[in-house]
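**Student:** got a sequence here, can you build the structure:
(one chain, ligands or ions: 1)
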Amino acid sequence: MDSLRSRVRDAAAQGQALELVGHGSKRFYGEAPQGQPWVLSREPALCGLRAHEPAELYVTAGAGTPLRELEAQLGSQGQQLGCEPPRFGGEGTVGGLIATALAGPARPYWGGVRDALLGLTLIDGRGELLKFGGTVMKNVAGFDVARAMCGAMGTLGLITEASFKLMPIPQAQVTLRFDATQDDAIYAANQAALQGLPLSASAWWNGSLLLRLSGLEASVRAAAKRLGGDALPVDLALGFWNGLRHQSDEFFAGAVRAIQAGSGVAIWRLSLPPTTPVLKVPGEQLIEWGGALRWLVTPLAAQAVRELAERAGGHATLYAALDKSAPAFTPAQGAEAQIRARLKSEFDPKGIFNPGRLG
Ligand SMILES: Cc1cc2nc3c(=O)[nH]c(=O)nc-3n(C[C@H](O)[C@H](O)[C@H](O)COP(=O)(O)OP(=O)(O)OC[C@H]3O[C@@H](n4cnc5c(N)ncnc54)[C@H](O)[C@@H]3O)c2cc1C
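**Tutor:** Prediction:
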């Protein structure tokens, strides 16, 4: 750890920017990386599981640990991370999971990355090793610094290690399919959530609404009976949710092909109130998270997409595009911008970590 700290101190002394890289699987996300790439998954001091206490439902792992290694270990004990982090091309590390805060289909039902995170250690921009939180769910420090690292895109420090709370893999899982227009799907997903059913994922694309139920056998069976629809075969359902989670399904694969072919479309990720009506935009849409997450593949100009999201009470992130001249994230305003600037100057006064990655 000392050699990592001195590399940070040297970079700060020389004013040299560092690009923190895990596997680089999410390098496309956010603003273009800058600085000297530093591949943390190749640093032995940052790799490997430190502790897994199945009975206490927590795990601690080095930030360079591959997600597939972490999840294989958890799965062997019948456990998982509730946030279902995506693995793009099968890659991704613990540090990248926290830095991007990207979560999978279960996010609105089982919590996001910051809900799963119990604590972490990081090296700040002065080369100091700092520890926040712990391995139990409590927060004595007032401001929850560990959680501020979620979605900070590595701009506040080099995460060295993190602890997560775990959940058991549910006893039973059923996926129901319904023919539905987008309108009907938004209404049905919101209604299902209001009824307190054991929902663990929801998605609409191309005329189909899929609802996943997870939990105890009896409650899943009862909920499935109440909802109706067609139960998907287990393998098909697993393939569908994994395709969505890891963005390897046809919606995302087709969108990436269209982008690479220079068709002028971009993938947008809109966070909206779940009851927001259908967005009338050209292109394709896929809805997740009970209506709260709308993926748009559209040629619409950035300004128009941002205005649309703002009018609906949410925000839009330019997720993947050939032309990244528009800001990836919605620019922070007012008090929020001030808090972010203060966090940055507190943690990374010389601005060496991932400069510009958040815009
Ligand atoms: C220091 C710092 C600076 C940042 N600067 C910027 C910035 O300038 N601009 C910017 O756009 N982002 C900024 N971010 C945010 C960052 O990009 C995001 O955190 C990241 O993209 C992941 O999104 P999230 O944390 O909102 O994810 P999540 O917590 O998964 O939430 C994603 C969205 O989904 C919605 N959602 C989640 N769960 C539910 C639910 N149950 N029901 C309904 N809706 C739900 C929420 O509205 C939320 O907006 C910053 C973050 C940090 C920590």
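**Student:** C-alpha from now on. contacts and neighbour counts both.
**Tutor:** OK.
**Student:** isn't G62 up against L49?
**Tutor:** Yes - counting by Cα atoms under 8 Å, G62 does reach L49; the two are 6.2 Å apart.
**Student:** between these two, point out the one with more neighbours.
**Tutor:** G62 (28 against 19; other Cα atoms under 10 Å).
**Student:** around the ligand, pick out the residues from the stretch 201-350 of the chain.
**Tutor:** Residues of the stretch 201-350 of the chain that fall close to the ligand, judged by Cα under 6 Å from any ligand atom: S271, L272, P273, P274, A292, F329, T330, P331, A332, R340.
**Student:** what about this protein, any weak spots by pLDDT?
**Tutor:** Scanning the chain for pLDDT under 70 picks out 135-143.
**Student:** please enumerate the helices of this structure.
**Tutor:** 2-14, 67-76, 94-100, 107-110, 113-116, 145-148, 182-194, 217-227, 234-245, 250-260, 302-311, 334-347 (DSSP state H).
**Student:** any idea which of those helices is most buried?
**Tutor:** Mean neighbour count (mean count of other Cα atoms under 10 Å) peaks for helix 94-100 among the helices of the chain, with a mean of 27.
**Student:** for that helix, enumerate the helices and strands it packs against.
**Tutor:** Helices and strands touching helix 94-100, by 3 or more Cα pairs under 8 Å, 6 or more residues apart in numbering; DSSP states H and E, are helix 113-116, strand 158-165.
**Student:** for the ligand, what are the nearby residues on the stretch 1-150 of the chain?
**Tutor:** By the rule Cα under 6 Å from any ligand atom, the part of the stretch 1-150 of the chain lying against the ligand is T100, A101, L102, A103, P108, G112, A148, M149, C150.
**Student:** pick out the residue nearest the middle of the chain.
**Tutor:** L102 (0.8 Å; Cα atoms, centre = their mean).
**Student:** the closest residue to it other than its chain neighbours and L296: what is the separation?
**Tutor:** Distances taken as Cα to Cα, 6 or more residues apart in numbering place P85 nearest to L102, at 6.3 Å, with adjacent residues excluded. P85 is 20 Å from L296, where distance means Cα to Cα, to the nearest Å.
**Student:** so A237 touches T175, yeah?
**Tutor:** Yes - taking Cα under 8 Å as the definition, A237 is a contact partner of T175 at 6.1 Å.
**Student:** give me the nearest residue to Y58, chain neighbours excluded.
**Tutor:** Nearest non-adjacent residue to Y58, counting by Cα to Cα, 6+ apart: K165, 4.5 Å away.
**Student:** let me see the contact set for that neighbour.
**Tutor:** By Cα atoms under 8 Å, 6 or more residues apart in numbering, the contact set of K165 is L57, Y58, V59, L81, A116, L117, L118, T135.
**Student:** which of the residues you listed count as buried?
**Tutor:** Buried members of these, counted by 16 or more other Cα atoms under 10 Å: L57, Y58, V59, L81, A116, L117, L118, T135.
**Student:** now tabulate these in CSV and tack on distance to D184.
**Tutor:** Below are the buried ones among the contacts of K165 laid out as CSV (distance: Cα to Cα, whole Å):
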residue, distance to D184
L57, 38
Y58, 39
V59, 40
L81, 31
A116, 32
L117, 35
L118, 38
T135, 42
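**Student:** in strands, which of those appear?
**Tutor:** Members of those lying in strands (criterion: DSSP state E): Y58, V59, L117, L118.
**Student:** beta partners of the second one?
**Tutor:** Right, the one you point to is V59. Assessed by DSSP bridges, V59 has beta-bridge partners H52, F164.
**Student:** which ones are touching it?
**Tutor:** V59 makes contacts with L49, R50, A51, H52, E53, S163, F164, K165, L166, as judged by Cα under 8 Å, 6+ apart.
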